[in-house]
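>>> 3D model of this:
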Amino acid sequence: MTEHNNILEKKPWTKVHEKNYTWLYNYMTSKYKDVDEFTFIDDYKRQLYKIINDNENWQDGSKEALYYMIARYLYNFGNKRYSKLYSQYGHELTKKIQEKETLNQQDEQEIENYRPHDYFIDIINEINYDDIKTIQKHYEYLFLNLLVKQPPIRTSFYTTAKFLTKKDENNNTDNYVYITRRGKINVYYIVNKDKASNYKLYNMDKNLSKIKIEDEELCKLIYDSFVKYPRQYLFELKGKPISSNTMLNYLRKITKVEHINVDIMRSSYINWFYKNNTTLYQKDKLSKQMRHSVITAMKNYYKDSNLSSEEKDNKLEELEKENYELKNKISELTEKLKKYEESKVVENDKAYIKNRRDALYNLNVRKQKAKEETLKKYDIKFENGKYI
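As a prediction, this is how the structure comes out:
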């Protein structure tokens, strides 16, 4: 879709819009004949709402994104009436999603396809790894293990990650599964690009992009997979990464759950983890392994059917309070650490020592006016009528 890009001037047409446009176009061509790549939205504008709304394989979030994309497309081509209509469809889904997240309620599809964590553990335990003979079955088994034995992250990582065996070959752009054999096998996720990359927390602290896989059996499985099927990507066929739809099919085949998805797997993992780990520290550690926040986990993934709505609200309010207090403590410790590190640096910094001595001379002897920034920089205090 390139011909219409130069026409879209009124509102930005982003890569996300383009991706959703292509996705919808590919779907339409699989269902209908004579679908024109450049006019199909306008051609089908009366039918697209029903086509999207009635698709049971698409989550509300996916439908929401498609409605907003269609609204943007129609707006930029001058059809304000239908653009407003599709914006309203998107807005209604946005409200529905927000209400569901606030109440920690599962929708009908989640209820039907949700399975507890132990269900997936049982599947893994029932499979004899040595009996797996095809790469497809191998990928099914590997993907399920990645989602069950390690806190699951977003689908985009699994479909883009490349194997890495030399740390200095990390280009800080691609996502990696880093394998090292110093002593025992150790494996790490290196997430250079995902939805959370621009979040303030993950953008400021690049150490959070490296996630250690703690389950030793999973580490061995990943290494064995890399040796048995040498390849560039974590999941690939014929030298190309596998699509998210194919990955979902793998997950649904091995679990025998018709419409399960990675969000449900994330929810299942969090519910299991929260029942066995109650402290905020443990939940915060998990949130960093899953590349979101504790509050996001509580709102979007944690589903406890035994709690009333009021109890859920109280629990969320309590957690937000704990999270606020923890952030304050982290800020205090960060400031103390910064001052300590600065003091250790300046102890051996001859230029700093000389400049501080000169500043004291100018203040005490030449009686220059004290600047606040100078006092802070050189940790100068005024005591007993003298700067020290």
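
>>> got the contact list for the residue lying closest to Gln289 once chain neighbours are set aside?
Computed as Cβ to Cβ, 6 or more residues apart in numbering, the closest residue to Gln289 that is not its neighbour in sequence is Pro151, at 4.1 Å. For the C-beta atoms, the positions are set from N, CA and C on the backbone; glycine is no exception. Taking Cβ atoms under 8 Å, 6 or more residues apart in numbering, we find Pro151 in contact with Tyr269, Phe273, Leu286, Gln289, Met290.

>>> any idea how far the third one is from Ile270?
For Leu286, the distance to Ile270 (Cβ to Cβ, to the nearest Å) stands at 7 Å.

>>> more neighbours: the two, which one.
Comparing Leu286 with Ile270 by other Cβ atoms under 10 Å, the one with more neighbours is Ile270, at 24 against 18.

>>> how about the more buried one, secondary structure?
At Ile270, secondary structure determined by DSSP: H, G, I helix; E, B strand; the rest coil is helix.

>>> for the host helix or strand of Lys283, which positions count as buried?
Secondary structure assignment for Lys283, by DSSP states H and E: helix 280-289. Using 16 or more other Cβ atoms under 10 Å as the test for burial, helix 280-289 gives Lys283, Asp284, Leu286, Ser287, Lys288, Gln289.

>>> then stretch 268-279?
Ser268, Tyr269, Ile270, Asn271, Trp272, Phe273, Tyr274.

>>> identify the residues contacting Ala351.
Contacts of Ala351 by Cβ under 8 Å, 6+ apart: none found.

>>> in terms of helices and strands, where is it?
Per DSSP H and E, Ala351 falls inside helix 350-364.

>>> alpha carbons of that helix, as PDB, please.
The C-alpha coordinates for helix 350-364 follow below in PDB (Å, rounded to 0.1, in the frame of the first residue of the first chain):
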ATOM      1  CA  LYS A 350      42.400  16.200  41.100                       C
ATOM      2  CA  ALA A 351      40.600  18.700  38.900                       C
ATOM      3  CA  TYR A 352      37.600  18.500  41.200                       C
ATOM      4  CA  ILE A 353      39.700  19.000  44.300                       C
ATOM      5  CA  LYS A 354      41.500  22.000  42.700                       C
ATOM      6  CA  ASN A 355      38.200  23.600  41.600                       C
ATOM      7  CA  ARG A 356      36.700  23.200  45.000                       C
ATOM      8  CA  ARG A 357      39.700  24.800  46.600                       C
ATOM      9  CA  ASP A 358      39.500  27.700  44.200                       C
ATOM     10  CA  ALA A 359      35.800  28.100  44.900                       C
ATOM     11  CA  LEU A 360      36.500  28.200  48.700                       C
ATOM     12  CA  TYR A 361      39.200  30.800  48.100                       C
ATOM     13  CA  ASN A 362      36.900  33.000  46.000                       C
ATOM     14  CA  LEU A 363      34.100  32.800  48.600                       C
ATOM     15  CA  ASN A 364      36.100  33.200  51.800                       C
END
